[in-house]
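>>> Sharing a model prediction with you, sequence too.
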Amino acid sequence: MAIKSTADKVATIQKGYTLEGATIELGAAIVDGEVHKDAPVRLPLSMMNRHGLVAGATGTGKTVTLHMMAEQLSNAGVPVFLADIKGDLSGLATAAAGSEKLKVRTDGIGQAWAGKTFPVEFLALGGDGNGIPVRATITSFGPILLSRILELNDTQESSLQLVFHFADKNNLELIDLKDLRAVIQFLTSDEGKDELEALGGLSKATAGVILRELVTLEAQGMEAFFGEPEFDTAELLRTAPDGRGVVTCLELPTLQTKPMVFSTFLMWLLADLFEDLPEAGDLDKPKLVFFLDEAHLLFNDASKAFLEAITTTVRLIRSKGVGIFFVTQTPKDVPADVLGQLANRIQHALRAFTPEDAKALKATVSTFPVSDYDLEETLTSAGIGEAVITVMNEKGAPTPVALTRLRAPESVMGPSTEELVKSTVANSALLAKYGTAVDNVSAYEKISGKSAAPTGAAAPGQPPTPARDVFVPGPVPGMDQAAVDADARRIEEEILGRPSSRPAPAPERPRSGERQAPPAPQEQVGGMMGDLAGALGGALGGGLKSMARSLGTQLGRELLRGVFGTSSRRRR
């Protein structure tokens, strides 16, 4: 094969990145050791909902790459979500100061640089830090994500699904941890032993394990993350008065030692968006770009149901106008089914100090298209602020691989002052809506017969306070007990993989001389709810799949849960 000249290599990159629509400017190509500012590397804005991967070893500039991309997305009117684990991304709210060194770099890649500020909203999980408090109700969070935080095994996860099923069926609102604890304590008590037995697949011993894990979670201070008012993920889709997209930074510096908690909460935000947003098809620009930092934490020791739910979400949320960028060290950190959905690749330098590093390097190289670069050498010698890039062009084909010197951010590459962050939070329109926790009547009060402690009026936009009734165990009014028994048998059989221990009712014989009516057509049982439940069945875990089927027989009385078992009160 003939060896290409430098000019030919540059021409290939120029042609490959000549795009017609709006783009995100990533930098200038480096060919044969020289930066060519006449060969800009770009990412089509219309292709950012094809998802992407930003990878590289620690210290190679991944966070700065997110920072630079977020600035340009905001300028293009696209809202951005960033998980700020180290606190560095708050600098988006502060204009950067120029320097001679910076000018040399930006001139070298053809960047017209000017210091700017960007519209930033600061959030904090449960108010733990400087930011608008982000809370989720236990009902909304769902059993699969909660099992992830509690580190339950598959059997315990299926059992927790049954607890949620029981609470949904009996209108026991699971708002915070004490509500879930109250339901489990009721099921394991003498008063609730009949209800526990009716659930079939839930043993008292397993319920006790879940209860102990909940108590541990409360002891770690996690109760602040669950409650009301629940954060509405539609807040992530806002634009500023000047038309720029709002950059939402979820501040997480105090949760660096609890990676399972924040990574799972990020997935809840994404799952909630997935359930709420309508289909949008191909758009000129995405509705939101969602950056999932430390993405490997999502997949470590994940259950099969959790991995399937992530894969389903990534595959389908593209058509709703949301782009997801996973940020991690190597492509090996991301399961193959998810990695196959990530069309846009920004790969920073990798290190090959150990045999495992060398193996990861070879695996990374194998995921790139054939190129004019020796990628093993390029990826181990790339400098800070440089990356190997290939993206999807406007025709849906991969662009040429290009080693790129990346653009410099125009806001501060580091944290903003604490005073600026606090003043931004104090002046936020979201503070009045989410700033004060509300304790409405829910499962704990219904089971114990206690009233909730007064906490002031409910936050604007929240559902009305439920009636202050006391939970009375037994059949739900208006429900066919035979259908409930059939559901219980089906749940037990599918979760435990064996015939149900519950006796099946004997078929009713027709009276003498009476013709037996033909069975009702399937589409008449459950109507639209049955159809929707059946469509979702393949994406749900074992216990939830059965519950989805049972929706048709219960006329939609129970909550319809999404691919993660999530269910927002806003969607009831």
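Noted; the coordinates are in hand.
>>> I'd say His67 and Ser90 touch.
No: with contacts defined as CB atoms under 8 Å, His67 does not count as touching Ser90, sitting 10.4 Å away. In short, each C-beta sits where N, CA and C put it, glycine included.
>>> Which helix or strand in the chain has the lowest average pLDDT?
Within the chain, no helix or strand scores below helix 527-537, which has a mean of 38 by mean pLDDT, DSSP states H and E.
>>> circling back: okay, His67 and Ser90: which has more neighbours?
More neighbours surround Ser90 than the other of His67 and Ser90, with 27 against 24 (other CB atoms under 10 Å).
>>> In a strand, that one, correct?
No: when DSSP: H, G, I helix; E, B strand; the rest coil is applied, Ser90 is found to be helix, with no strand at that position.
>>> How many residues are close by the residue lying closest to it once chain neighbours are set aside?
In space, and not counting its chain neighbours, Ser90 is closest to Ser416: 4.4 Å by CB to CB, 6 or more residues apart in numbering. Ser416 has 22 neighbouring residues, counting by other CB under 10 Å.
>>> Check whether Ser416 really touches Ala93, as I assumed.
Yes: if you go by CB under 8 Å, Ser416 and Ala93 touch, sitting 4.8 Å apart.
>>> list the helices and strands the helix ranked longest in the chain packs on?
Taking DSSP state H as the criterion, the chain has its longest helix at helix 259-276. Secondary structure elements in contact with helix 259-276, counted by 3 or more CB pairs under 8 Å, 6 or more residues apart in numbering; DSSP states H and E, are strand 80-84, strand 120-125, helix 138-150, strand 288-292, helix 296-299, helix 304-317, strand 322-328.
>>> rank the ones you listed by pLDDT, which is bottom?
Of all these, mean pLDDT reaches its minimum on helix 296-299 (a mean of 81).
>>> And that one, what's buried?
Buried positions in helix 296-299, judged by neighbour count with 16 or more other CB atoms under 10 Å: 296-299.
>>> and of those residues, the nearest to Glu356?
Checking those against Glu356 with CB to CB, the nearest one is His296 at 14.2 Å.
>>> What residues does the closest one make contact with?
Counting by CB atoms under 8 Å, 6 or more residues apart in numbering, His296 touches 328-329, 333-334.
>>> Just to check, Phe262 is in contact with Ile85?
Yes: between Phe262 and Ile85 there is a contact under CB under 8 Å: 7.4 Å.
>>> and stretch 56-71, which residues are buried?
So for stretch 56-71, counting by 16+ other CB under 10 Å, buried means 56-57, 60-71.
>>> And the furthest pair within the residues you listed?
Pairwise over the buried residues of stretch 56-71, using CB to CB, the maximum falls at Ala57 and Glu71, 23.7 Å.
>>> quick one on the thing from earlier: just the closest of the buried residues of helix 296-299 to Ile175, please.
Nearest to Ile175 among the buried residues of helix 296-299 is Leu298, at 25.5 Å by CB to CB.
>>> hmm, back to that, can you give me the mean pLDDT across the longest helix of the chain?
85.
>>> In the stretch 101-250 of the chain, where is pLDDT below threshold?
Along the stretch 101-250 of the chain, the model assigns pLDDT under 70 to residues 201.
>>> just the helices in it please.
Assignment of helices within the stretch 101-250 of the chain using DSSP state H, counting those that start in this stretch yields the ranges 138-150, 154-169, 177-187, 193-199, 204-219.
>>> of all those, which gets the most neighbours per residue?
helix 138-150 (a mean of 26; mean count of other CB atoms under 10 Å).
>>> Just the CA trace of it, in CSV.
C-alpha atoms of helix 138-150 as CSV (Å, rounded to 0.1, in the frame of the first residue of the first chain):
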residue,chain,number,x,y,z
ILE,A,138,-39.0,6.0,46.7
THR,A,139,-42.0,5.2,44.5
SER,A,140,-40.4,7.1,41.6
PHE,A,141,-36.9,5.7,42.2
GLY,A,142,-38.2,2.2,41.8
PRO,A,143,-37.0,-1.2,43.0
ILE,A,144,-34.2,-1.8,40.4
LEU,A,145,-32.3,1.4,41.1
LEU,A,146,-32.9,1.2,44.9
SER,A,147,-31.6,-2.4,44.8
ARG,A,148,-28.4,-1.0,43.2
ILE,A,149,-27.9,1.4,46.1
LEU,A,150,-28.7,-1.2,48.7
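>>> where along the protein do the strands fall?
For the chain, strands defined by DSSP state E occupy the ranges 23-31, 34-44, 52-55, 80-84, 120-125, 132-134, 247-251, 288-292, 322-328, 344-347, 386-390, 402-406.
>>> now the end-to-end length of stretch 34-52.
Terminal residues of stretch 34-52 lie 27 Å apart, using CA to CA, to the nearest Å.
>>> Check stretch 394-409 too.
End residues of stretch 394-409 are separated by 25 Å (CA to CA).
>>> buried stuff in it?
Residues of stretch 394-409 classed as buried by neighbour count (16+ other CB under 10 Å): 399-409.
>>> Pull out the buried residues from the contacts of His296.
328-329, 333-334.
>>> what would those look like in a markdown table with distance to Arg212?
Formatted as a markdown table, the buried ones among the contacts of His296 follow (distance: CB to CB, whole Å):
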| residue | distance to Arg212 |
| --- | --- |
| Thr328 | 32 |
| Gln329 | 34 |
| Asp333 | 31 |
| Val334 | 33 |
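>>> tally of neighbours for Ile172?
Residue 172: Leu, not Ile. Using other CB under 10 Å, Leu172 has 23 neighbouring residues.
>>> What's the separation between Asn427 and Val120?
Noted for Asn427: a distance of 12 Å to Val120, by CB to CB, to the nearest Å.
>>> Looking only at neighbour counts, state which of these two leads.
Higher neighbour count among Asn427 and Val120: Val120, with 26 against 8, using other CB under 10 Å.
>>> Could you measure from the nearest residue to the more buried one once chain neighbours are set aside over to Gly127?
Of all residues not flanking Val120 in the chain, Ala93 sits nearest, at 4.3 Å (CB to CB, 6+ apart). As judged by CB to CB, Ala93 and Gly127 stand 19 Å apart.
>>> So between those two, which is more surrounded?
Legend: neighbour count by other CB under 10 Å for Ala93 and Gly127, higher for Ala93 (23 against 18).
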